[in-house]
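Peer 1: Could you look at this predicted model? Sequence included:
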2 protein chains.
Amino acid sequence: MHAPLPPPSLPTPKAIRVNTKGAVILAEESPETRDSRGIYLPNYIEPVSHIAIDIGGSLAKVVYFTRSPSSPSVIATQGSNSFSGSSAGSPSTSASNVTIPCSSSHTRNGTLTPLALESHYNGNGHSNDYGHYPSDSLDTDLLHSTILKRTTEVRHIPGGSINFERFETSNISALVAFISELITRSAAANGVSIEEMRRSVKISATGGGAHRFGKLFEGELVVDVQREDEMECLIEGMKFMVTIPEEVYYFSDELIQEVTHHISKDVQNENVSYGPSSSGNVTPNTSAEPVLERPSPDPPRYAVTFETSEPSAHLPCLLVNIGSGVSIIKVDADGSFERVSGTSLGGGTLWGLLSLLTPARTFDEMLALSEKGDNASVDMLVGDIYGSDYSKLGLKSTMIASSFGKVFRSRGEAKAEGERGTFRAEDISRSLLYAVSNNIGQIAYMNAEKYGLDRIYFGGFFIRGHAATVATLSYAIRFWSKGTKRALFFRHEGFLGSIGAWIKNIDVEETPVLPS
Amino acid sequence: MHAPLPPPSLPTPKAIRVNTKGAVILAEESPETRDSRGIYLPNYIEPVSHIAIDIGGSLAKVVYFTRSPSSPSVIATQGSNSFSGSSAGSPSTSASNVTIPCSSSHTRNGTLTPLALESHYNGNGHSNDYGHYPSDSLDTDLLHSTILKRTTEVRHIPGGSINFERFETSNISALVAFISELITRSAAANGVSIEEMRRSVKISATGGGAHRFGKLFEGELVVDVQREDEMECLIEGMKFMVTIPEEVYYFSDELIQEVTHHISKDVQNENVSYGPSSSGNVTPNTSAEPVLERPSPDPPRYAVTFETSEPSAHLPCLLVNIGSGVSIIKVDADGSFERVSGTSLGGGTLWGLLSLLTPARTFDEMLALSEKGDNASVDMLVGDIYGSDYSKLGLKSTMIASSFGKVFRSRGEAKAEGERGTFRAEDISRSLLYAVSNNIGQIAYMNAEKYGLDRIYFGGFFIRGHAATVATLSYAIRFWSKGTKRALFFRHEGFLGSIGAWIKNIDVEETPVLPS
């Protein structure tokens, strides 16, 4: 005699806040902006008026949405070769700060389309930008299959793009000017006054600087600022990004090998000579071509593997966000999370030390240097100490025993002779990139092991999709976990927090979907 | 109906290879050699002819035993103030390379007493050194209570001293010359030919360089070289050193606080100005007095707590050996061990980077610089990013969010203005010391947690008994373990491997003890 079973409980259905069906990643404008490609959402038709900003210790990352069409020719995943780094015979695509002309510069032309201004869309004819769009280019099937809210008469644009921009936190005025211009442009495109536009726009601010700079935004931009918790935004951003096709990728074991081998071979074949500069400082090789292509999720070289699991398969996981510092966050299957660890040895450490030790002025210049470097000239390898492998401990002769371990000795000898030792900026850059990446990979692995997590996602601007960085982090995870755990990466690695701040505020503006 | 129980099995009794009863640590000769004080063993009377060498990536550590008396006045643990760093009003004891005159320079005068030469002790009257010793100074009780082997007629010296020396691995010829001179001196003292002495002497070599340099020693010194496994020697050395009274110490939580507070206060009170040098490089303050005393296990300041547990209580534990690189070894209760982890970010990294970034030429100069530094001028603190604590995550505003995180920003600004940013060598030194120490502490903690070990021993030349280093490592362990685990240190931190190589070869020469 049993009491009747209660009906099975079902999880509460979650509203899809942003429809990412059919989303495509747009081609980058230049190698430098390859991590900030727009994401075109053909099925998302809601107006979005807020701008999300994630203000970290070094960089402020901006995400905003514009109603704008996108030509299929600029879709990155179709194998365009306009961004794949130093392809043979293509000197214009080297890894330096070359801006490649691009047919689409949508991020500068797109405008905000605030919900509050929707009435302006009803044929008032002010727009000469993407704010309105000729009806003959509409995907009418899409349009009619979508629940049109508020007014079915409005000529909705078929989707739009999420745009990504970044600024140095130390140059916050450039960010303010950018948003100010975006508001001005949007006001003109929507045919409203700047004051009206400002009232319709909101800023969602997250990251460490949200509090510090919030007042500044409110004062200078005359817009509302909503502050969002940093860790929440990172997790929301991650959960959103895994729904974007071909956003999440990893390096296969073969690719890790290939990248490592490619580096070694090119370094060994290096015949360029480097003389000490008159000041005795490290001397970069400014004339040589980069030997290692930029990381690329696209053919033909360094083809990464895209993660194709369902979004729900991504949890539980560990999220390692590498900005100036490093946060390590455990995310449970139900999406709840906890910051369980971190390290102060992050991007800020690499950038700071390399800005002292090399002539590089930007992080991309530092990465370009590292691609030409041979860490064995500054790192003490197992073989340098033992003369061979330390087989008993499973330590290969090529393993790094002590990062920068050769410098002290060499410097000591040089100083004893009354001169300063000289080391190549390239070698120093590679050594330090390895040191920081390896260390983060090791600490991440230990946390993943502690919490029984097999998927380790790496985000943050440190990564820059840089092949050596990705390969090093991937190798560290494979090495320590004996192949049981995997490092996963995002194309928009630096924007998890800002996209999270953006997505968190979609709900607020969205009209509740009526039950069907 | 049970079969009779077998008799309880007892562990096989282990012979005491070296009697450490009554051992005392001798006073140092200078602050620079404070980690290499001799250890006087009043109860060890066996002749020992072998020299142990641990050749690491940067340093070669030497241990040998001499029959020599020691005046109680040079015993370190009686509170002598001749080595405690910059005591008030004592400018001659600053942390630089000042050699303090010392009443005992026994390490240079002591000689080896090979077993094979024991017959020479029988009154042939050749010795004019400590090889023989007047019988009226003998502790006759001790003498008679000890099993005298081989010949009871020999006038045994009451104990002797373990001596410690170190050399730069890059200057191996200095080490060869030192041993050569020791052999020559010992031959004279024992009244034998150098050839006979060489036949009686053996070198036990361990560390990464044992293989590389073994042939060199055999060739140049004409002595036998026995190679010993590095990890085995570290563990043997640790197990031996815990038997020495007042060798193992730790910082109490109060002391950790005090050291940190002392540093902060002194840095805040600093009024010395630092101008950029003409080359734009970092400028050390060469005139100022060190603000932080050298670590000292002795009163009056920075009194550490000595570990007084029985030797058996030290196991199981984690041993973290910080040389050029870092090895992390799990030691079980039965003494079996496994190298479970490590990191390439070790002493070599700190020394190498600081030799590039500061004018310091020796590690002790680097440590002296760091004592004057304020890491907050180069490190990005939580407060720099958030403007306050990030209370939700329990991150205090003074916590380091990004090591060197302020440099890139400042350098970027300086470069934009056409000049190089300037950072103080002291601040750079402190920041990097913190970064490396914190990181090692974190990785050590995670391994201790993984294997359920509460005692974490730190060895290796990196530590140098430096208060900031010891406090940082101790704090990291206390912080991460929430006070459940403890960091322990050795006075002879850099000599674990060499003392292990020495002790491993005691058995070979020792005549088996007869059952009583």
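Peer 2: In hand now; what should we look at? Numbers count the residues shown, from 1 in each chain, chains lettered A, B, ... in the order given.
Peer 1: Run through chain A and note the low-pLDDT ranges.
Peer 2: A:1-16, A:27-34, A:45-47, A:68-110, A:113-158, A:261-302, A:410-421, A:507-516 (pLDDT under 70).
Peer 1: Helix or strand: which one has residue A:236?
Peer 2: helix A:230-241 (DSSP states H and E).
Peer 1: Give me the contacts around that helix.
Peer 2: Residues outside helix A:230-241 that contact it (C-beta atoms under 8 Å, 6 or more residues apart in numbering or on different chains): A:18, A:20, A:54, A:206-208, A:210, A:247-248, A:311, A:314-315, A:319, A:321, A:327, A:329, A:331, A:335, A:337, A:339, A:457, A:459, A:490, A:492, A:495-501, A:503-504, B:390, B:393. To be clear about C-beta, it is placed using only N, CA and C from the backbone, and glycine gets the same treatment.
Peer 1: go again using 7 Å as the cut-off
Peer 2: A:54, A:206-208, A:247, A:319, A:321, A:329, A:331, A:335, A:337, A:339, A:457, A:459, A:490, A:492, A:496-497, A:499-501, A:503-504 (C-beta atoms under 7 Å, 6 or more residues apart in numbering or on different chains).
Peer 1: Of these, keep whichever come out buried.
Peer 2: A:54, A:206-208, A:247, A:319, A:321, A:329, A:331, A:337, A:339, A:457, A:459, A:490, A:492, A:496-497, A:499-501, A:503-504 (16 or more other C-beta atoms under 10 Å in any protein chain shown).
Peer 1: and those near chain B, which?
Peer 2: Restricting those to those within reach of chain B (C-beta under 7 Å from any C-beta of the partner chain) leaves A:208, A:339.
Peer 1: Cross the buried ones among the contacts of helix A:230-241 against strands and list the overlap.
Peer 2: Of these, the ones assigned to strands by DSSP state E are A:54, A:206, A:319, A:321, A:329, A:331, A:337, A:339, A:457, A:459, A:490.
Peer 1: ok, of those, which one's closest to chain B?
Peer 2: The closest of those to chain B turns out to be residue A:339 (C-beta to the nearest C-beta; 5.3 Å).
Peer 1: ok, now which ones touch the closest one?
Peer 2: A:231, A:327, A:329, B:393.
Peer 1: which two from those residues end up farthest apart in space?
Peer 2: With C-beta to C-beta as the measure, no two of the contacts of residue A:339 lie farther apart than A:329 and B:393, at 10.1 Å.
Peer 1: circling back: pull the CA atoms of the helix holding residue A:236 into PDB?
Peer 2: Presented in PDB, the C-alpha positions along helix A:230-241 are these (Å, rounded to 0.1, in the frame of the first residue of the first chain):
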ATOM      1  CA  GLU A 230      32.200  40.500 -11.700                       C
ATOM      2  CA  MET A 231      32.100  36.700 -11.100                       C
ATOM      3  CA  GLU A 232      28.400  36.500 -11.900                       C
ATOM      4  CA  CYS A 233      29.100  38.300 -15.200                       C
ATOM      5  CA  LEU A 234      32.000  35.900 -16.100                       C
ATOM      6  CA  ILE A 235      29.700  32.900 -15.600                       C
ATOM      7  CA  GLU A 236      26.800  34.400 -17.400                       C
ATOM      8  CA  GLY A 237      29.100  35.300 -20.200                       C
ATOM      9  CA  MET A 238      30.500  31.800 -20.400                       C
ATOM     10  CA  LYS A 239      27.100  30.300 -20.400                       C
ATOM     11  CA  PHE A 240      26.100  32.600 -23.200                       C
ATOM     12  CA  MET A 241      29.200  32.100 -25.300                       C
END
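Peer 1: which parts of the one helix or strand residue A:443 maps to are buried?
Peer 2: Taking DSSP H and E as the criterion, residue A:443 maps to helix A:425-450. If you call a residue buried by 16+ other C-beta under 10 Å, then helix A:425-450 has these buried ones: A:425-449.
Peer 1: packing partners for it?
Peer 2: Packing partners of helix A:425-450 (3 or more C-beta pairs under 7 Å, 6 or more residues apart in numbering or on different chains; DSSP states H and E): strand A:317-322, strand A:326-331, strand A:337-343, helix A:347-357, helix A:363-371, helix A:467-480, helix B:425-450.
Peer 1: count of neighbours near residue A:194?
Peer 2: Residue A:194 has 14 neighbours, counted by other C-beta atoms under 10 Å in any protein chain shown.
Peer 1: swap in the one 3 residues further on?
Peer 2: Close neighbours of residue A:197, defined as other C-beta under 10 Å, add up to 25.
Peer 1: can you list the residues of the stretch 201-350 of chain A near chain B?
Peer 2: A:208-209, A:211-212, A:229, A:279, A:324-325, A:339, A:343-346, A:348-349.
Peer 1: list the contacts for whatever residue of the stretch 1-150 of chain A ends up closest to chain B?
Peer 2: The minimum distance from the stretch 1-150 of chain A to chain B, using C-beta to the nearest C-beta, falls at residue A:57 (4.7 Å). Applying C-beta under 7 Å, 6+ apart, one finds that residue A:57 lies in contact with A:169, A:208, A:323, A:324, A:325, A:348, B:380, B:385, B:401, B:402, B:405.
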